[in-house]
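[1] Quick one, what's the 3D model for this:
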Amino acid sequence: MEHHGPISWLLLIPGLSHDPKWIGVNASIVLFLFITVLAFAGRAALKGNVSNYLVPVPKAKLSTLLDLLIEGLYKMCQGSLGSSADQHFPFVATLFIFVWFSNLMGLIPLSASPSASLYTTVALGLATFVYYNVYGIKAHGLVGYLKHFLMGMGAAGIPIAFFELISHVLRPVTLGLRLNLNIQIDHMLGSVFGSIAAYLVPIPLMIFGIVVCTIQAFLFATLTSVYLQMATEHEDHGHEGEHHH
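    From the prediction side, this is the model:
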């Protein structure tokens with residue numbers, strides 16, 4: 001099929017595929033490299049100067065926005081995971097940062113969002129699935145973790161466990177599909193309304209897109225925290241988790 005219109009800059013990068021089918025992969029690679037550079041730059045800026053960032057500056061800056069986002073994310077993790085929030089926050093925050101920037105990439109002209117690729121979102125769902133199951137087994141042991149699916153009903157819970165396992169296995173797909181469809185719909189609506197009112201409301205539309213992208217990243221991180229809490233909670237602090245909820 002002959003291509004019409006301008007070519008995305010993601011298909012013009014040397015060393016990466018020029019096939020439009022792989023534009024999502026190109027976007028993921030570019031995003032991974034961007035976040036890696038950002039992480040090293042942030043580490044260099046904080047090294048020896050942590051005290052300068054403990055108190056937020058009164059002026060509105062990008063760092064202030066990031067502080068608010070990360071603080072909100074950490075409080076959400078505490079609400080779901082309680083005392084184990086510190087242990088799992090790096091993983092949840094990494095997912096949030098990747099999904100957030102991934103969503104925002106779709107707002108850049110002639111770009112594409114990795115979140116619009118089902119391969120990327122299902123891969124993120126699989127990463128979450130493996131992570132919380134590994135820590136669930138660490139917390140309870142393999143046998144104890146499998147007993148969790150019986151809902152405390154013993155042998156009578158086997159039929160319920162069967163359906164629970166099916167639901168469990170489908171989580172990576174549902175996580176990925178939810179993010180993928182929401183981002184595709186958001187960017188599609190943004191493109192439609194943007195073309196209709198290109199000279200009237202481009203800035204409000206862009207702000208709305210940023211808000212939606214941020215909310216979707218928070219939802220993905222929140223579901224990850226909830227799945228972690230369900231997989232790792234013990235009876236001795238189960239009540240603590242209930243209080244948080």
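[2] in this protein, which helix or strand is least confident?
    helix 235-244 (a mean of 42; mean pLDDT, DSSP states H and E).
[3] Tell me where this structure has helices.
    Taking DSSP state H as the criterion, the chain contains helices spanning 23-46, 62-81, 85-105, 118-147, 158-196, 202-232, 235-244.
[4] where does this protein dip in pLDDT?
    1-5, 48-63, 150-157, 187-203, 234-245 (pLDDT under 70).
[5] Does residue 128 touch residue 95 like I think?
    Yes: if you go by C-beta atoms under 8 Å, residue 128 and residue 95 touch, sitting 6.9 Å apart. Yep, even glycine has a C-beta here, placed from its N, CA and C like the rest.
[6] What is the neighbour count of residue 160?
    Neighbour count for residue 160, taken as other C-beta atoms under 10 Å: 13.
[7] Let me fix that, I meant to ask about residue 141.
    By the other C-beta under 10 Å criterion, the neighbourhood of residue 141 contains 11 residues.
[8] so who does residue 84 touch?
    228, 232 (C-beta atoms under 8 Å, 6 or more residues apart in numbering).
[9] Would you quantify the distance from it to residue 162?
    According to C-beta to C-beta, to the nearest Å, residue 84 stands 29 Å off from residue 162.
[10] repeat for residue 6
    When C-beta to C-beta is applied, the distance between residue 6 and residue 162 equals 52 Å.
[11] Residue 131 too?
    Distance of residue 131 to residue 162, computed by C-beta to C-beta: 24 Å.
[12] Residue 211 too?
    As judged by C-beta to C-beta, residue 211 and residue 162 stand 41 Å apart.
[13] same deal with residue 25?
    36 Å.
[14] re earlier: of residue 131 and residue 162, give the one with the bigger neighbour count.
    Under the criterion of other C-beta under 10 Å, the comparison of residue 131 against residue 162 puts residue 131 first, with 18 against 11.
[15] Not counting sequence-adjacent ones, nearest residue to that one?
    Using C-beta to C-beta, 6 or more residues apart in numbering and skipping residues adjacent in sequence, the residue nearest residue 131 is residue 91, 5.9 Å away.
[16] With that, I have no additional questions.
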